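K.L.:
How does the following fold in three dimensions:
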Amino acid sequence: MSAPGPVVVGLGLHRPMQPKELEGIAHHKPIQHDPDDVVPTAVVDGIQGLVARRVAEAPFSIAVGVVELHQYAGVSGGHKAVSVGCGGRSTIAQLHSRSRVLQSGVGIGIIDGNPFRAAVEALGRAAGCRLALVWVPATGEWLFGTPEAVVREGLSRIQPWSFVSNRAPGVVLKVPQSKACSLYQASRAATYLSESPSPAIEEGGTIVIEASCPEGLGAEAGFIHALRGCAPPWRALLSGPEPTGAGAQRAVMLARLAERFHLQVEGCANPEPLLEVGIIARREVESRPPTWLVVDDPFQRLPQCVDPLQ
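P.N.:
Residues are numbered from 1 along each chain as shown. Model prediction:
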């Protein structure tokens, strides 16, 4: 039997992981993905596929990830661990361009007819991803099989929506610590709600994310530059020159949120970087009236209004 291949940590365009964050897999001697040390695979929907050299050199790869809600791919997991997590800088940038993340069919909880999902899967196949092992937090299960099959099965088992009959004036989203390290990561909870099919919040209402954000805005240069380039509600990010750089698409989604709702951050360890870009942030966690909704894990389940016309 041949020796097992390397364990490659897919970083996408995010910062390298710290030794403490890798303790659980340190015995595998993991290699952190470098988006600039890549080789070409295939052109998919006009996107030049690039993947980490160590992944490309292997006979095939097994993607390890999590099936939970995702802004563009519908749900995470499957081929995404390779095509994006281990992808090249320009591949990731093209895939996350403003026009692609806002195109028809792209959406949270949607995989059928989703062009973003289709591109992710085609890029993964071109990179040699054949199998996937995924954890489904909502059900506490592991699934193993082909990347397409485990994603579809995982989505069928989770219940991403909770339903209410009235829209609330505000919603508090309690971000789990694993995703509360920065505004870049934590703000996904807010835009997942704002971009969901029928968010259970009144137009003009307030979305509060409870997140410590010890890393401030985050390490994604494109996201930071976009937010600093114009003041809230960041309309220029939607109609002006397209923002570029790592994480710029997250700023675009915040601009979309700001068209309909107000955003605040509470329980923030260091509010100053957020305040500097015009986001209301405070260390304290305020009590809210009973008419507000509270969501314990917005990456697993989001409140929806049963009457989309209400």
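
K.L.:
mind checking which helix or strand V134 is in?
P.N.:
According to DSSP states H and E, V134 maps onto strand 129-136.

K.L.:
That strand: how far from the chain's middle?
P.N.:
18 Å (Cα atoms, centre = their mean, to the nearest Å).

K.L.:
Quick one: list the elements packing against that strand.
P.N.:
Contacts defined by 3 or more Cβ pairs under 8 Å, 6 or more residues apart in numbering; DSSP states H and E place strand 129-136 against strand 61-66, helix 80-83, strand 141-145, helix 147-157. Bear in mind the C-beta positions are built from the backbone N, C-alpha and C, glycine included.

K.L.:
low-scoring stretches of the protein, by residue?
P.N.:
For the chain, the stretches with pLDDT under 70 are 1-3, 307-310.

K.L.:
list the contacts for W234?
P.N.:
Contacts for W234 (Cβ atoms under 8 Å, 6 or more residues apart in numbering) come out as 226-227, 251, 254-255, 258.

K.L.:
what's it sitting at in phi/psi?
P.N.:
phi 60, psi 40 (degrees, to the nearest 10).

K.L.:
From G240, how far off is it?
P.N.:
Distance, W234 to G240, by Cβ to Cβ, to the nearest Å: 10 Å.

K.L.:
ditto for D36
P.N.:
28 Å.

K.L.:
now G170
P.N.:
Taken as Cβ to Cβ, the span from G170 to G240 is 30 Å.

K.L.:
what ranges do the strands span in the stretch 151-300 of the chain?
P.N.:
161-164, 168-174, 201-210, 262-266, 280-281, 293-295 (DSSP state E, counting those that start in this stretch).

K.L.:
hmm, back to that, so G170 and G240 - more neighbours on which side?
P.N.:
Shown here are G170 and G240; by other Cβ atoms under 10 Å, G170 has more neighbours (19 against 11).

K.L.:
does that one really touch G204, like I thought?
P.N.:
No. Between G170 and G204 there is no contact under Cβ atoms under 8 Å: 10.2 Å.

K.L.:
between the helices and strands packed on strand 129-136, which gets nearest to S194?
P.N.:
helix 147-157 (20.8 Å; Cβ to Cβ).

K.L.:
can you list the residues that contact stretch 5-20?
P.N.:
22, 25-26, 28-33, 35, 52, 54-55, 58-59, 61, 81-82, 84-87, 89, 92-93, 219-220, 246-247.
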